Structure formats: C-alpha cells, structure tokens
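# predicted coordinates and the sequence they were generated for:
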Amino acid sequence: MEMAQEKRFNNQQLADVFDTIADLLEIKGEVIYKTLAYRKAADNLRNLGRDVNEIWREGDLTDIPGVGKAIANKIEELLTTGHLDFLDKLNEEVPTTLVEILQVPDVGPKKAALFWHDAGITTLAELESAARAGSLRDLPGMGIKSETRIITGIEALARRTDRIPLGTAWPFAQELLGFLDSIESVQAVEVGGSLRRMKATVGDLDLLAAAEDSGPVMDAFVGHPDVIDMISRGDTKSSVEFANNIRAQLWVHPPERFGTALQYATGSKEHNVRLRELALKQDLSLSDQAFLRKDGSEVLCAEEEDVYEILGLPWIPPELREDRGEIQAAQAGVLPVLIEVGDLLSDLHTHSTWSDGKLSIQEMADAAIERGLKVLAITDHSASLGVAGGLTVRRLKEQRQEIDAVQDVLGETIHLLQGSEVEIRSDGSLDYPDDILIDLDIVIASLHTGLRQPREKVTQRLLNAIRNPHVDVIAHPTGRIIPNREGADLDMAAVLEAAAEHGVALEINAHPARLDLDDIYARRAIEMGINLSINTDAHSASDMDLLHFGVATARRGWVTPENVINTWTAERLLVWLKSRGVARSA
Ligand code: DGT
Ligand code: CA
Ligand code: ZN
C-alpha cells in the first residue's frame, strides 16, 4: 500500500541520491573535491530538521546550507519529475549497483573501480563469487590476504542484517513519540522493545500510546506522511514501514492497562518469560492486557511499577531486562543503583581544532561548562594519525600554552586537562616517547589502524599500551564501528586482566557508532574491579549530547557511579591521575 504517493522524495531519500552520485563519481575516478559538494548537500539534507518539500514550496532551496544553484536545480528536478537526468547519464557510464560493494569493509572507490574494470564485477554477489573463486588475488594491489578479507567482510555484511543503529533509531523514535503525543485523545506515549532497553542496535521500533479509543490513533499512525508501507492495521497493534526503511509497530491500550502493555512490549522476551513464571506461582497469568485470575477476573495495571509489585519485585530498569540475573537480584533486594547522566562530572576524551575537532579549546570548554562539567580533557590525536591532523611534539607543546591561556580566562569554572589520544602503532609502540607522555595530564591510548591484525598481535599491542605506566585510559578498546566494522579480534580476557593489574581505566565510548566497551564487557570489567571511563569523544558541541548513549550502555552492564572515574570530583580525579605512573609523581 502506497501512502506517500504524491510526495516523491523526503530529505533522507534526496540525501541518498546525492550520496549515490558522489559514490559513482568517485568510482568513475573524479577528483575528490568534485564529489564533496554532493556529500555536503547529503549531510545537510539529513540534518536539516525541516521538510525539504516545504522549503521548496515556500522559499528558496539555496537557503539550505551546502546547497548552491546547481544542487538546488537537481533537487527541484527530482521533486518535480521524480528522476534526475544527470544521474541517468552517470548510470550509463558507471553501473549504480557498484555502490553496494562500497559497503564491504576495506573496499573504497579505487578498489571498486579496479574490480569493475579488471574483473567485470558490478554487483556485491559478483564480488563474492569472484573472491570465493580466488580470482581477485591476482589483480594489481591485491593478494590472498586482501581477498580473504573481502570474503569475511561480505560475511559480516550478511550477518549485520538490517538492524538499526541506536543512534539512528533513538532520535527517529523521539520524533514519532512527539507526533503521537500531539494526537488529541492520546494520554501517554512511550517507547518499548529493544530501544527502551537501549540495545546498541534494534530490529524495529516498538511504540506505545495510551488512549481510550484506539481508532483515531491508529489512523494517524498509518497515515503518517513518511509511511511508505502499511504492513498491518489492528485495534491494539499496527505495523508500518517508513521511507527511511525503519519499521515500527504501535500498540494502543486504554490508560488503565498501560502498565501491563508497556511492560510486555519492553521485553525482553526472556525477561517476560521469567515474569510469567512468577505470576503462575500466584495462580495468575500475565499478558499485555492484564493479570488474569483463575476465576476469569482481571487485575489491571496502569503503571509498570504495579506489574512488578504484584510479582513481589521492585521496578527493574529496562536496560537490565535481559534475563541476566536481574530478577534474582530484584528478589534479593540487591539491584544495582545504576549510573545516570547527571552523575558524570568530566569528559576525558574530546578533540579540538588542534586535530580533527570542529571547535577551539575555548569553545569546547564553553560547551562543557554549559553541560555542567567540572573537568574537560582535550585529547587531540597524536602525530602518526595524519588523516586526523595528529599533533607533532612541537605542536603539542604549543597547545599546552593555549590550554593554559584558556584556563586563565575561565578561572575556577572548569578544570582543563591537556591530554592526548595516543595512537598505538601497528608494532605496539606508542606514538610519543615516555618523556612526552609524562608531561601530559592524562593519556588515553587507542587503536585506529591495523585492527585486522591476527588476534595475538593486536592483543599484544593493547597489552603494551596498558602496561605503559603513563597510560591512564584505553579508549574504545575493540575499535568496532556500528554497523559496518567489527572490532579487532582481541583476547578480551587478557586485556581485562592486564587492565585490572595495571589499574588502567577502560572507556565506554558514548558515540552511538562505537558504544565500545559494550554492555557485556563493561559488566565483566566492573566485576574484576576495573575502573571505567564514559566519554563522548566529542569533535563538536553537539557530540557532547550523545553522552546518554554511553551511559545507557553502562547501565546495560550493571554499572554504578562508583565504577566510573568521570563521576569523581575534580580533586579525586586529579589525585588518581597524579598517582598513575611512578615517574609522573616524581
Ligand atoms: P528487536 O526489535 O529485534 O531489537 O528486539 P525486541 O526486544 O524489540 O523484540 P520485538 O521487536 O520482536 O518485540 C517487542 C517486544 O514484544 C519484546 O521486547 C517483548 C514482546 N514480545 C515479542 N514477542 C514476544 C513473545 O513471544 N513473548 C513475550 N512474552 N513477549 C514478546
Ligand atoms: Ca523491537
Ligand atoms: Zn577520539
């Protein structure tokens, strides 16, 4: 069923068109700067916050940042005719299906062009069979190793299915909640499912609304302007797919049943099975509607707390509901008091214009103060990470002067630390010598290159960094990028053991593309007494607002404030940092 017939393109779809153009131009071999305008337009369309159709009707498309006359004309052509001459012509030169092979890790436009010209490959399927047949290894610049990497990359792509990253799902769900909340008869809205449990990726969105009469709410939901497919429509549940390919289901229940409905839809399935077992022990059966007694009468729960209370339990935070011992802990009265965003007083991993950040040190400090932080570490990249503008030793020393100057201006409002995100090189050595590290207020070490090295080698690199007495924090330990890149093949048991032994803190990187450590390893780390550090890795002020994703990941790992060094007062944090590294205290 097509709901959005007359509106041919929304912001997301236009952005996808421009990204495709940029991809095709790169494969064609155009110089990078010719593609940049398309990428920029795509980014800006995605982040516009206003419907491009509206701007087009009411004003001037060139008002959109990054959209000049040429791109405005293309947008107009797409909006009026539904296609684009320029793209059609480009397709005759470069097959569009080549774009899909760019999703394979390590396959960029140059490789794609090579596979196309030298092996006649135009689709992902053709690439896979060529790799499996061993016919890529002899192409220029290829070998058995890179051929194997393509096979494992394609396998990882297949495994990735179409789960949606939390960082995409969450803001979209907030938008939908706002839409539902504005419907007159709706009394409450909530998100359920894996999204409420804040999993790093979600299969679909589960939304709930409380209303006496579900009809008008369902009508509005399936009639949402971005719906491209109505999968089902019922009185308590409807499912749709949106133009961004995200699927969502909406459950509507009367307010007096909202508690059971929300509890049910939040899951997880395994957690819910346990609760139903507990209910049965009291001769009750629990459904999304109510508790049902043997005599057929119902017990209704308007609040989720009521569901747990009837089962003799305190309310359990959604992030814990994975049947990983939370019900037993609740019964024993030992649920952890989970960390919250407000507990964090410092951000210890951020970037400024000194490397690849967007803001000056002063601007980063202002953004941190605005968010109530007491300590901000500026940790720009080290020398060898050339792509990210890593600092030479000389630049590092100059940066110290600027940090001191900004600190003088700021006075007591916030404490600035000069740190560095020091690259762990592919041979396992650190990017700065010890006599430079010793002068930094905080050293975080991380892997950005050589992530595909064999397990033993890549693990050893991380162990070397952990054993360096000047290293305080290991940032995004596995290096995974959601959803494209799996983390390094680390021996995590060895990494955790070394971190515990050397008192190094492990980061939960809050960026929704990382969330690294994940919930499972975060929990194992705190069980071993390892300190964690939740940081934004901010390259801009808005990145600082992603902190809650890191906190949610920590909560899924049963993390309490005491486990996280960012909750410590400035005094305590500074004492800890000074105590690290024998030489440093000298
Ligand atoms: P996802 O979307 O794959 O990331 O995972 P969830 O947890 O959101 O699961 P989903 O979307 O299949 O279902 C949403 C919620 O509905 C789920 O968290 C709990 C509830 N649910 C679904 N199927 C069952 C079931 O067979 N039994 C019970 N008790 N609950 C279910
Ligand atoms: Ca779901
Ligand atoms: Zn960083």
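Yes, it's here. Ligands and ions are numbered 1, 2, ... in the order given.

# domain assignment for the chain?
Per automatic domain parsing, the domain ranges recorded for the chain read 11-158, 161-253, 264-335, 341-579.

# a markdown table for those, including distance to ligand 2?
(C-beta placed from N, C-alpha, C; glycine too.) Conversion of the domains of the chain to a markdown table gives the following (distance: least, C-beta to the ion, whole Å):
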| stretch | distance to ligand 2 |
| --- | --- |
| domain 11-158 | 20 |
| domain 161-253 | 3 |
| domain 264-335 | 8 |
| domain 341-579 | 16 |
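
# what are the ranges of the strands in the stretch 101-250 of the chain?
Secondary structure of the stretch 101-250 of the chain (DSSP state E, counting those that start in this stretch): strands at 164-165, 188-192, 201-202, 205-210, 227-233, 237-242, 247-253.

# any chance of those strands in a markdown table, plus distance to ligand 1 and mean pLDDT?
Shown next, in a markdown table, are the strands of the stretch 101-250 of the chain (distance: least, C-beta to the nearest ligand atom, whole Å; pLDDT from 0 to 100):
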| stretch | distance to ligand 1 | mean pLDDT |
| --- | --- | --- |
| strand 164-165 | 8 | 95 |
| strand 188-192 | 6 | 98 |
| strand 201-202 | 4 | 96 |
| strand 205-210 | 5 | 98 |
| strand 227-233 | 13 | 93 |
| strand 237-242 | 10 | 96 |
| strand 247-253 | 7 | 98 |
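
# what's the most buried one of these?
Comparing these by mean neighbour count (mean count of other C-beta atoms under 10 Å), strand 205-210 comes out on top with a mean of 25.

# what's that strand in contact with?
Identification of contacts with strand 205-210 by C-beta atoms under 8 Å, 6 or more residues apart in numbering yields 169, 172-173, 176-177, 180, 183, 186-196, 217, 246-255, 258, 261-262, 265-266.

# ditto for stretch 445-453
Stretch 445-453 is contacted from outside by 149, 385, 388, 421-426, 430, 458, 461-462, 465, 468, 471, 473-477, 479, 485, 487-489, using C-beta under 8 Å, 6+ apart.

# among these, name the ones in strands.
Among the contacts of stretch 445-453, the ones falling in strands (DSSP state E) are 421, 422, 423, 473, 474.

# any idea how far the last one is from ligand 1?
Residue 474 is 29 Å from ligand 1, where distance means C-beta to the nearest ligand atom, to the nearest Å.

# CA atoms only: put stretch 348-365 into CSV for me.
Extracted as CSV, the C-alpha positions of stretch 348-365 are listed here (Å, rounded to 0.1, in the frame of the first residue of the first chain):
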residue,chain,number,x,y,z
LEU,A,348,38.1,12.9,29.4
HIS,A,349,38.2,12.2,25.6
THR,A,350,37.5,15.2,23.3
HIS,A,351,39.0,16.8,20.3
SER,A,352,39.6,20.4,19.2
THR,A,353,40.7,22.2,16.0
TRP,A,354,44.2,21.3,17.0
SER,A,355,43.5,17.9,15.4
ASP,A,356,40.2,16.9,13.7
GLY,A,357,37.7,18.6,16.0
LYS,A,358,35.4,21.5,14.9
LEU,A,359,35.8,23.8,17.9
SER,A,360,38.6,25.7,19.5
ILE,A,361,39.7,24.8,23.0
GLN,A,362,37.8,27.8,24.4
GLU,A,363,34.6,26.8,22.5
MET,A,364,34.9,23.2,23.8
ALA,A,365,35.4,24.5,27.3
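
# now it: how far from the chain's centre is it?
20 Å (C-alpha atoms, centre = their mean, to the nearest Å).

# and it, what's buried?
348-352, 354-355, 357, 359, 361-365 (16 or more other C-beta atoms under 10 Å).
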